[in-house]
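> what follows is a predicted structure for the sequence shown.
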Amino acid sequence: MSVLVVGSVALDTIETPFGSVKDAVGGSATYISAAASYFVSPIRLVGVVGGDFPRKGMAFLEERNIDLEGLEIIADGKTFRWSGRYHYDLNMRDTLSTDLNVFEHFDPKIPERHRKIRTVCLGNIDPVLQRKVLQQMDNPRIVVCDTMNYWINGKRDELLKTLKMINVLILNDSEARLLSGEPNLIKSAKVIRTMGPSVVIIKKGEHGALLLTDSVAFSAPAYPMENIFDPTGAGDSFAGGFIGWLARTEDMSEENLKRAVIYGSALASFCVEKFGVEGLADLTYLRIQDRFREFRELSRFDED
Ligand code: AMP
């Protein structure tokens, strides 16, 4: 039981109304792996960093028992950097810069002994790289993919090829509209399902998430939080919690997909409570389960 995660390992510079941080350890693969590591272990991470990636970043991943055999280190290269600024309404974020650096020439190589892993999470990176990873895998059972406007706008044709090879696509509401050309989210998910994935999950920031298949429309609430410090990585933590639960249970039934969405929402809620990856540092499976149960209470009501 394991999960192969590919994605960015990054240094993030973030401004929120509550503070700012420069070159914090982040990246889609970092958040996904950390979140998923509470459900299955070890997570096998595939990515690339430069010689400037700090020791504390490695230590964070190692402490979560994340296997780094697939993390390439290019000693004379620079780590991927992303910088973003959040508005007073934390659902609004401007990307200030994206510097691909070592990702520009990255050619992912999956270690031989990881090719049989059945559960794969394609974190947000160039869809060409996502596909290169899948092509090396030996018939995985569950492939979850995340993407963002940067790739929907910049590499649409490549993304469409990748979508044909996956089971579950996770994206946010504006990205779903952008990808499908359809403003209504239910119709939008229908259009996206014709592109490949049979399951579409649309995240709506602090308003929860929708799980949409041919036969299910499930709406998960967001956890009501008083203190949101930094929404960075919420989407990736969601993906990590979601795939972690699926890998732990190896059950793709509708009821279990719903549970996975709630575990994803729970991990996202822990992530945003602190800056950067801190919110995912010291959780326990028991705390996660407590929050999972709180979600059930959030929208439970009596019929009469
Ligand atoms: P999220 O807040 O879940 O959407 O993800 C934020 C993380 O995504 C940050 O840690 C960034 O380093 C990473 N990220 C942002 N843009 C990109 C991109 N174009 N490709 C790969 N990773 C990115």
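Sure, I can see it.
> which parts of this protein sit against the ligand?
8, 10, 12, 26-28, 82, 98, 124-125, 150, 232-236 (CB under 6 Å from any ligand atom). Where you see a C-beta, it was placed from the backbone N, CA and C, and this is true even at glycine.
> whichever of those end up buried, select them in ChimeraX.
Buried residues among the residues of the chain next to the ligand (16 or more other CB atoms under 10 Å), as a ChimeraX selection:
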select :8,10,12,26,27,28,82,98,124,125,232,233,234,235,236
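> quick check, nearest of the residues of the chain next to the ligand to residue 162?
Within those, distances to residue 162 taken as CB to CB reach their minimum at residue 125, with 10.4 Å.
> right, and the closest one touches residue 7 too?
Yes - with contact defined as CB atoms under 8 Å, residue 125 reaches residue 7; the gap is 5.4 Å.
> anything in contact with each of these two?
Residues touching both residue 125 and residue 7 (CB atoms under 8 Å, 6 or more residues apart in numbering): residue 28.
> how about the most centrally placed residue in the chain, nearest residue that isn't a chain neighbour?
Centroid check for the chain by CA atoms, centre = their mean gives residue 236 as the closest residue, at 2.5 Å. Distance criterion CB to CB, 6 or more residues apart in numbering; nearest residue to residue 236, sequence neighbours excluded, is residue 31 at 3.5 Å.
> mind listing what residue 187 touches?
For residue 187, the contact set (CB under 8 Å, 6+ apart) comprises residue 180.
> from the contact counts, what lies against the regular element (helix or strand) spanning residue 293?
Element membership of residue 293 [criterion: DSSP states H and E] is helix 285-298. With contacts taken as 3 or more CB pairs under 8 Å, 6 or more residues apart in numbering; DSSP states H and E, helix 285-298 sits against helix 254-271.
> quick one: distance of the helix it packs on to the chain centre.
On the basis of CA atoms, centre = their mean, to the nearest Å, helix 254-271 sits 12 Å off its chain's mean C-alpha point.
> any buried residues in that helix, and which?
257, 259-271.
> then stretch 81-99?
Residues of stretch 81-99 classed as buried: 81, 82, 83, 84, 86, 90, 93, 98 (neighbour count, 16+ other CB under 10 Å).
> now do stretch 128-137
For stretch 128-137, the buried set under the neighbour-count rule, 16+ other CB under 10 Å, comprises 129, 130, 131, 132, 133, 134, 136, 137.
> and for stretch 202-210?
202, 203, 204, 205, 206, 208, 209, 210.
> can you tell me the closest non-neighbouring residue to the residue in the stretch 151-300 of the chain positioned nearest to the ligand?
Closest approach between the stretch 151-300 of the chain and the ligand, counting by CB to the nearest ligand atom: residue 235, at 3.1 Å. Among residues not flanking residue 235 along the chain, residue 203 sits closest, at 5.8 Å (CB to CB, 6+ apart).
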